[in-house]
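**Q** Give the three-dimensional model of this entry:
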Amino acid sequence: MVNLIVNPTSGVKTEISVPGDKSISHRAVMIGALANGDTVINGFLTGADCQATIKCFRKMGIEVQIGNDQIIVKGKGLKGLKEAKEALDVGNSGTTMRLMLGILAGQNFTSQINGDSSIQKRPMMRVVGPLREMGASISGQVRGENVYAPLKIIGGKLSPIKYGLPIASAQVKSAILLAGLFAEGKTTVIEKNQARDHTERMLSYFGANIQVVGLESWVLGQKEFSGAEIHVPGDISSAAYFIVQGLIVPNSEILIRNVGVNPTRTGILDVLHRMGADIQVLDETILSEEPRANILIKTSKLKGVKIEGAIIPRIIDEIPIIAVAATQAEGVTEIRGAKELRVKESDRIATVSSELRKLGANIKELDDGMIIEGPTKLKGTTVKSYGDHRIAMAMAIAGLVAEGQTVVEDTDCIETSFPGFGERLGNCCIVDPQYQFNNEKDFNET
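**A** The predicted structure follows:
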């Protein structure tokens, strides 16, 4: 078990970059494998979750070459995957699991897919249900009205559907659209509130027959497309921790370079601006259909706000760190409509509430969110990550403004999305010296 030891700090003046966007990295490998020819991916996230995606496709016969600054996926087209000799292992990656279900459903072979103990607790019916409507045969561990990994997928002929998403979910939307690539005809997904749209943007960039009009997306199946070169921007979900650091640590100014600013992902900036944050988005450009920019953050006096409704899908991964910012804001911050947090890597409503409370925060847990009253002078103590990378990183940032030392336990989970996070925090953070992550060896393992 790896711990981060965090000490309070002030006057942070720095310029950093963050690892590549996890959502885009996953999709670049998946769509690249289904394309004809080479896909070159620059800025790929080398975290454990994205490594799991690469390993799954290698087991299905896709060659993935690893270089110093890029990876190359040797795509074989929509019919190029082969049956794996063993179960596909997604590790801790819910994105890999759910999106792969859409791809595997359209194959002419049978697949087994599983993950770690955390994945086996995450409900899959929200994806399995619409895929079954398309004709997919998917079975797994049934508990109550839901189904859980390990899952068995008997691939076969799929029929197109028109599906209205009951809740905003980029993973469900993406799984259906990816399955639609193999169906004969037009597969349509209709959203109530827009979730992240990386799949739609990337399919369009690769030349797939896809259209997006408002909250309706459709793909025309059985149409081949070609490999492309992808430039992955920095992950705004990873940048969020340093954005909040810059806002709440006294006398700080942080410039984060080349961060993805896809409008479906910038809810964190919208919320923090409402709270009074001094954040500037500079030098915005678009590359590989994805906007990116430099973000400049200065220490700010924050105020509490109410967060609910359509903004929630755009900040779902950033709510733990928003909660940290709220502990330093004047007044009450109320977060509602975020029940989805209860089925993440941990129950993030419960874990954020319990661990911030240990640090002295005035926080009340709700069924679908939380109420935080600030500002509060936090006091360092020992907190848990619950094996959840976003909880671990959020508690580390809280430790930067806590009085005394904060120990965040079990932080090796951070490697799933942000290799080198502790080192980025600098001298105020000590990484357990016994911990060594042989990233190069693990990344190249077949």
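**Q** how close does residue 271 sit to residue 61?
**A** Relative to residue 61, residue 271 is positioned 44 Å away (Cβ to Cβ, to the nearest Å). C-beta: built from backbone N, CA, C; applies to glycine.
**Q** more neighbours, the two?
**A** residue 271 (22 against 14; other Cβ atoms under 10 Å).
**Q** Can you give me the domain assignment for this structure?
**A** Structural domains annotated on the chain: 4-20+233-444, 22-231, as defined by automatic domain parsing.
**Q** what about residue 240, distance to residue 361?
**A** Where residue 361 is concerned, residue 240 sits at a distance of 18 Å (Cβ to Cβ).
**Q** ignore the last one, residue 32
**A** Note on residue 32: its distance to residue 361, by Cβ to Cβ, is 43 Å.
**Q** ditto for residue 218
**A** 45 Å.
**Q** cool, residue 273 as well?
**A** As judged by Cβ to Cβ, residue 273 and residue 361 stand 23 Å apart.
**Q** Neighbour count for these two, which is higher?
**A** Relative neighbour count places residue 361 above the other of residue 273 and residue 361, with 26 against 14, counting by other Cβ under 10 Å.
**Q** Tell me the pLDDT of the more buried one.
**A** Predicted confidence (pLDDT) for residue 361: 98.
**Q** which ones are touching it?
**A** Residues touching residue 361, when contacts are defined by Cβ atoms under 8 Å, 6 or more residues apart in numbering, comprise 327, 372, 374, 376, 378.
**Q** can I assume residue 283 sits in a helix?
**A** No - under the criterion used here (DSSP: H, G, I helix; E, B strand; the rest coil), residue 283 is strand, not part of a helix.
**Q** Just give the nearest non-adjacent residue to it, would you?
**A** In space, residue 283 comes closest to residue 294 once its chain neighbours are excluded; the distance is 5.1 Å by Cβ to Cβ, 6 or more residues apart in numbering.
**Q** Run through the bridge partners of that neighbour.
**A** residue 282 (DSSP bridges).
**Q** going forward can the numbers begin at 600, since that is how I track them
**A** Done: numbering now begins at 600, and the last item shifts to residue 893.
**Q** Need the nearest residue in space to residue 774, chain neighbours excluded.
**A** Excluding its sequence neighbours, the residue lying closest to residue 774 (Cβ to Cβ, 6+ apart) is residue 701, at 3.5 Å.
**Q** Could you do residue 697 as well?
**A** Nearest non-adjacent residue to residue 697, counting by Cβ to Cβ, 6+ apart: residue 770, 4.1 Å away.
**Q** roughly how far apart are the one you found and residue 737?
**A** When distance is defined by Cβ to Cβ, residue 770 is 15 Å away from residue 737.
**Q** Residue 605 now?
**A** Shown here: residue 605 relative to residue 737, a distance of 43 Å by Cβ to Cβ.
**Q** again, but for residue 813
**A** Distance from residue 813 to residue 737, counting by Cβ to Cβ: 30 Å.
**Q** more neighbours, those two?
**A** residue 737 (22 against 8).
**Q** Identify each buried residue in the one helix or strand the more buried one maps to, please.
**A** In this structure, residue 737 sits in strand 736-742 according to DSSP states H and E. Of the residues in strand 736-742, 737, 739 count as buried by neighbour count, 16 or more other Cβ atoms under 10 Å.
**Q** Paired strands for that strand, with orientation please.
**A** Taking DSSP bridges as the criterion, strand 736-742 forms sheet pairs with strand 745-753 (antiparallel).
**Q** continuing past the partner strand, what's the next helix or strand?
**A** strand 761-763.
**Q** Now tell me what touches that next one from outside.
**A** In this structure, residues lying in contact with strand 761-763 by Cβ under 8 Å, 6+ apart are 729, 732, 775, 786-789, 791.
**Q** make it 10 Å
**A** Outside of strand 761-763, the residues that reach it under the criterion Cβ atoms under 10 Å, 6 or more residues apart in numbering are 728-730, 732-733, 771-772, 775-776, 779, 785-791, 814-815, 817.
**Q** What ranges does the chain have for its helices?
**A** Secondary structure of the chain (DSSP state H): helices at 621-633, 647-658, 693-704, 724-732, 769-779, 797-805, 835-847, 866-873, 911-914, 918-926, 947-957, 988-998, 1020-1023, 1038-1043.
**Q** I'd like these as JSON lines, with distance to residue 882 and mean pLDDT appended.
**A** As requested, the helices of the chain are arranged in JSON lines below (distance: least, Cβ to Cβ, whole Å; pLDDT from 0 to 100):
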{"stretch": "helix 621-633", "distance to residue 882": "19", "mean pLDDT": "98"}
{"stretch": "helix 647-658", "distance to residue 882": "26", "mean pLDDT": "96"}
{"stretch": "helix 693-704", "distance to residue 882": "29", "mean pLDDT": "97"}
{"stretch": "helix 724-732", "distance to residue 882": "38", "mean pLDDT": "97"}
{"stretch": "helix 769-779", "distance to residue 882": "27", "mean pLDDT": "97"}
{"stretch": "helix 797-805", "distance to residue 882": "20", "mean pLDDT": "98"}
{"stretch": "helix 835-847", "distance to residue 882": "15", "mean pLDDT": "97"}
{"stretch": "helix 866-873", "distance to residue 882": "15", "mean pLDDT": "98"}
{"stretch": "helix 911-914", "distance to residue 882": "22", "mean pLDDT": "93"}
{"stretch": "helix 918-926", "distance to residue 882": "24", "mean pLDDT": "98"}
{"stretch": "helix 947-957", "distance to residue 882": "33", "mean pLDDT": "98"}
{"stretch": "helix 988-998", "distance to residue 882": "25", "mean pLDDT": "97"}
{"stretch": "helix 1020-1023", "distance to residue 882": "21", "mean pLDDT": "90"}
{"stretch": "helix 1038-1043", "distance to residue 882": "30", "mean pLDDT": "39"}
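**Q** Residue 715: which of the ones you listed is closest?
**A** Shortest distance between residue 715 and the helices of the chain, using Cβ to Cβ, is found for helix 647-658: 9.7 Å.
**Q** Report the inter-axis angle for the closest one versus helix 988-998.
**A** Direction vectors for helix 647-658 and helix 988-998, defined by axes from the mean of the first three to the mean of the last three Cα atoms, to 10 degrees, enclose an angle of 160 degrees.
**Q** Might one say that residue 926 is in contact with residue 970?
**A** No - at 11.8 Å, residue 926 and residue 970 do not qualify as touching, with contact defined as Cβ atoms under 10 Å.
**Q** Could you check which of the two is surrounded by more residues?
**A** Of the pair residue 926 and residue 970, residue 926 is the one with more neighbours under other Cβ under 10 Å, namely 25 against 18.
**Q** For the residue nearest to that one when sequence neighbours are not counted, give its distance to residue 833.
**A** For residue 926, ignoring the flanking residues on the chain, the nearest one in space by Cβ to Cβ, 6+ apart is residue 960 at 4.5 Å. Using Cβ to Cβ, one gets 29 Å for the distance from residue 960 to residue 833.
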